[in-house]
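1. What follows is a predicted protein model with its sequence.
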Amino acid sequence: MSNTHEHIVKSYDEELKRLTGEIARMGELAIEQLDRAIVALDRRDSAEAEAVVEGDRRIDAIELEVSHDVLRLLALRQPMAGDLREILAALRIAADIERVGDYAANLAKRSLVLNVSAPMAPARQLAGLAELAIELLHGVLDAYRDRNADLALRVRERDAELDAMYTSLFRELLTYMMEDPRSISACTHLLFMAKNIERIGDHATNIAENVWFLEHGEMPGERAKRDTTSTESVEHPAK
């Protein structure tokens, strides 16, 4: 192998490593944003919630860097096979992480609205939902870092747990609204927040599927879903 060829290969490897590093940084920020949004909700801390909303810009900026890096690699390197999968997976994963950041910001925005009304007990249950979503994100980002397709698939399967928790909270909030119509406005915000967290789980699943694609060149089969809220019917409680 000539020195020139060795230099090109080394340079290309360094660019791919940089791309992976950018995505890891995005993931860490997104998890931090989600954690801070839930803390802001729990403590009714409007200043912290506003900081989360503002912090979403950092994730957006890194995604833009990733997009530029991907375009440069495609134009200059003309990657094939495994290298092309690496770049395409990076682009998709960055987009999923950016959406996680958006959902964390949405949680913070709604907590600002909730802070002007009396505290509600069901709000505390969002923390358990978010904790599981954070576990999934940590797991799938570890799978991406280590190129561990089997770990990615295990994380993907756990999304059904998040769906089941979301469905349970959805039912509880609907019942809460019917028992006390004064809670409808606040509970509606909590329903949207719970759905945002459930969607974060879906994006973790997307990342897992792209890790599998990265290693195997194909997407995994269908996965189980336990979000049954689209077919829920809740009866009015007995008087």
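-> Here it is on my side, so go on. Since this is a predicted model, take the numbers as computed values, not measurements.
2. give me every residue that touches the closest residue to G101 other than its chain neighbours.
-> Spatial nearest neighbour of G101, excluding adjacent residues (CB to CB, 6 or more residues apart in numbering): I59 at 3.7 Å. Where you see a C-beta, it was placed from the backbone N, CA and C, and this is true even at glycine. If you count contacts by CB atoms under 8 Å, 6 or more residues apart in numbering, I59 has them with 26, 29-30, 33, 97-98, 101.
3. doesn't R154 make contact with P220?
-> No. Taking contacts as CB atoms under 8 Å, P220 lies outside contact range of R154: 11.4 Å.
4. the more surrounded of the two?
-> P220 (17 against 14; other CB atoms under 10 Å).
5. Look up how far V52 lies from the more buried one.
-> Distance of P220 to V52, computed by CB to CB, to the nearest Å: 33 Å.
6. What of D45?
-> Taken as CB to CB, the span from D45 to V52 is 10 Å.
7. cool, and D142?
-> For D142, the distance to V52 - CB to CB - is 24 Å.
8. Repeat that for H68.
-> On the measure of CB to CB, H68 and V52 end up 26 Å apart.
9. P181 too?
-> Distance from P181 to V52, by CB to CB: 31 Å.
10. which of the two has more neighbours?
-> Per other CB under 10 Å, whichever of P181 and V52 has more neighbours is V52, with 28 against 9.
11. Identify the residue spatially nearest to the more buried one, adjacent ones excluded.
-> A108 (3.8 Å).
12. ditto for E15
-> Nearest one to E15, counting by CB to CB, 6+ apart, is L73 at 6.1 Å.
13. Can you verify my assumption that the one you found contacts L19?
-> Yes. The pair L73 / L19 is scored as a contact, 7.5 Å apart, by CB under 8 Å.
14. Return every residue with contacts to both of these two.
-> Common neighbours of L73 and L19 (CB under 8 Å, 6+ apart) are I87.
15. Could you point out the helix or strand that follows the lengthiest helix in the chain?
-> What stands out as the longest helix in the chain, according to DSSP state H, is helix 3-43. Under the assignment DSSP states H and E, the closest C-terminal helix or strand after helix 3-43 is helix 46-77.
16. Mind checking the pLDDT average for that following helix?
-> Across helix 46-77, pLDDT averages out at 92.
17. what angle sits between that helix and helix 3-43?
-> 160 degrees (axes from the mean of the first three to the mean of the last three CA atoms, to 10 degrees).
18. Okay, now the unreliable bits of the chain?
-> 1-10, 223-228, 230-239 (pLDDT under 70).
19. Go again with 50.
-> For the chain, residues meeting the criterion pLDDT under 50 lie at 1-2, 4-8, 234-239.
20. I'd say R25 and E65 touch.
-> No. Here R25 lies out of contact with E65, judged by CB under 8 Å, at a distance of 9.5 Å.
21. related to what we said a few turns ago, thinking in terms of the whole chain, how far from its middle is the longest helix of the chain?
-> Remark: helix 3-43 is offset 14 Å from the chain centroid, using CA atoms, centre = their mean, to the nearest Å.
22. Counting by contacts, list what that helix packs against.
-> With contacts taken as 3 or more CB pairs under 8 Å, 6 or more residues apart in numbering; DSSP states H and E, helix 3-43 sits against helix 46-77, helix 81-114, helix 125-146, helix 184-216.
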